[in-house]
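Q: task: produce atomic coordinates for the following.
(2 chains)
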Number of protein chains: 2
Amino acid sequence: MTDERKTIAFVVYPGLTPLDLVGPLQVLSALAQFDRGYRTVVVGATTDTVGTDTPLRIAPSHTFDEVPSPFAVLVPGGTVPTLRAMSDETLLAWLRTAAASAELVTSVCTGSLILGAAGLLEGKRATTHWMFRDLLTGLGATPVAERWVEDGSLITAAGVSAGIDLALHLVERLAGRQLATNIQFAIEYDPEPPQGGLDWANQPYGDLKPLREHTLREGLAGNPALMGKLLAHA
Amino acid sequence: MTDERKTIAFVVYPGLTPLDLVGPLQVLSALAQFDRGYRTVVVGATTDTVGTDTPLRIAPSHTFDEVPSPFAVLVPGGTVPTLRAMSDETLLAWLRTAAASAELVTSVCTGSLILGAAGLLEGKRATTHWMFRDLLTGLGATPVAERWVEDGSLITAAGVSAGIDLALHLVERLAGRQLATNIQFAIEYDPEPPQGGLDWANQPYGDLKPLREHTLREGLAGNPALMGKLLAHA
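A: Predicted coordinates:
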């Protein structure tokens, strides 16, 4: 019997930022629980356990080969390992094939840079983590400073925690507002950031700049051509 | 050479809700990155990969035995598997020992029910996921409807996504407001829930009640005494 459910595939590669992945995975797995027309899977080159940028190790449920044509794809971001993943031809080839038939191609944080490396941002409006947004130009995209940016089938989200907002938006788009609200209650998403909202007029860019520089230098050391392309417009 | 860093231990058990774990893990691993006085570890009965309530599988970095006296402990929640974990004597014994010397004992969502099963909520003010808050009374606690509740060394957070707010509060308590703000920028935590904040006057309790009933019935089927204790006041 063929599985008729629409598959939402979350991409794993070594060293990623797990909150980029798990925020939207939790929300869309709840969609799959309440609406049997969907299923979520976690895909990687193998189903072996890989590291993240925290002490947690994670493992995909499926290999890329097992999920060649998902309904939707989500690519999480990270720091050095994400920029390295921009040169991972196995990952990029799967993304190009999957994106050709997928109805939704999405990313969280610097995951959009991987979509860009696969050529999927060309001529599109897109976003990424605020500290890396200027790099989008070198990938053919128009950078936009919004929580998430929708350009046809491409939806890119801002940094890390923005994946939760993106996913609740996707639930509303796919299954309506009431289910999105129910899932929001299920994950009790009623944020109270203890330090208040982000004050963009006082962003601590100086404190975080070493992190950006380290990420670019280490992440792109093996691919000088890509580094040149990204930094030409940055 | 002895490792002098203060260890923040995140507990893993099979079937948990990964966002409960990963939200605060991401924030507190950033604390450890910026302040070398801390380290985060993920602890479990073994370091084998276990399932979650999503298709993602996860693996601890350390066993319980390797981390007998952490500085801080965080217990994530979940549904059926979390109520089952309330009868896991290996987990409860480790929690009691760790809590005796820890400076902070914390939980996210129904993780507080596990702390309660270990006897650690007796006489304390505490919270949990809103749908299960009434169960706290049977564990000797006074339920409080807040995003997080601090009672001495015990800090319990509300459902799932509340762990991010809890963790940013912990960073401010441990390392000051400026670092908490920097980490908030690093995870770009500037929430824009697409459906707005939760409207508690219109909570979809009817839609979600089957989930609560299933969780209690399946999760406590093996422990009728505990079910009686929890439901006596509920």
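
Q: give the full set of residues in contact with the closest residue to residue A:52 other than its chain neighbours.
A: Sequence neighbours aside, residue A:18 is the residue nearest to residue A:52 in space, at 4.5 Å (criterion: C-beta to C-beta, 6 or more residues apart in numbering or on different chains). C-beta here means a position set from N, CA and C on the backbone, and glycine is covered the same way. Contacts were defined as C-beta atoms under 8 Å, 6 or more residues apart in numbering or on different chains; by that measure residue A:18 touches A:52, A:53, A:54, A:56, A:58, A:76, B:22, B:25, B:26.

Q: can you give me the helices in chain A?
A: A:18-34, A:80-85, A:89-101, A:111-117, A:162-175, A:177-186, A:205-220, A:224-232 (DSSP state H).

Q: quick check: pLDDT value at the residue nearest to residue A:204 when sequence neighbours are not counted.
A: In space, and not counting its chain neighbours, residue A:204 is closest to residue B:182: 4.9 Å by C-beta to C-beta, 6+ apart. At residue B:182, the pLDDT value in this model is 96.

Q: and what of residue A:2?
A: 64.

Q: next one: residue A:234
A: 69.

Q: picking that back up, might you report the residue contacts of the residue nearest to residue A:204?
A: By C-beta under 8 Å, 6+ apart, residue B:182 lies in contact with A:204, A:207, A:208, B:34.

Q: now do the last one, the pLDDT please.
A: Reported pLDDT at residue B:34 in the predicted model: 93.

Q: which residue, other than its chain neighbours, is closest to it?
A: That would be residue B:179: by C-beta to C-beta, 6+ apart, it lies 5.9 Å from residue B:34.

Q: could you do the second one as well?
A: Here the nearest residue to residue A:207 in space, its sequence neighbours aside, is residue B:182; by C-beta to C-beta, 6+ apart that works out to 5.2 Å.

Q: do residue A:140 as well
A: residue A:122 (3.9 Å).

Q: now do residue A:64
A: That would be residue A:94: by C-beta to C-beta, 6+ apart, it lies 4.2 Å from residue A:64.

Q: just residue A:14 next, same as before
A: residue A:50 (4.2 Å).

Q: touching, that neighbour and residue A:21? I think so.
A: No - assessed by C-beta atoms under 8 Å, residue A:50 is found out of contact with residue A:21, at 11.5 Å.

Q: which neighbours do the two share?
A: A:12, A:58.

Q: more crowded one of those two?
A: residue A:21 (29 against 19; other C-beta atoms under 10 Å in any protein chain shown).

Q: who's in contact with the nearest residue to that one once chain neighbours are set aside?
A: Leaving out its chain neighbours, the residue that sits closest to residue A:21 by C-beta to C-beta, 6+ apart is residue A:76, at 4.1 Å. By C-beta under 8 Å, 6+ apart, the residues touching residue A:76 are A:10-12, A:16-18, A:20-21, A:107-109, A:111, A:163.
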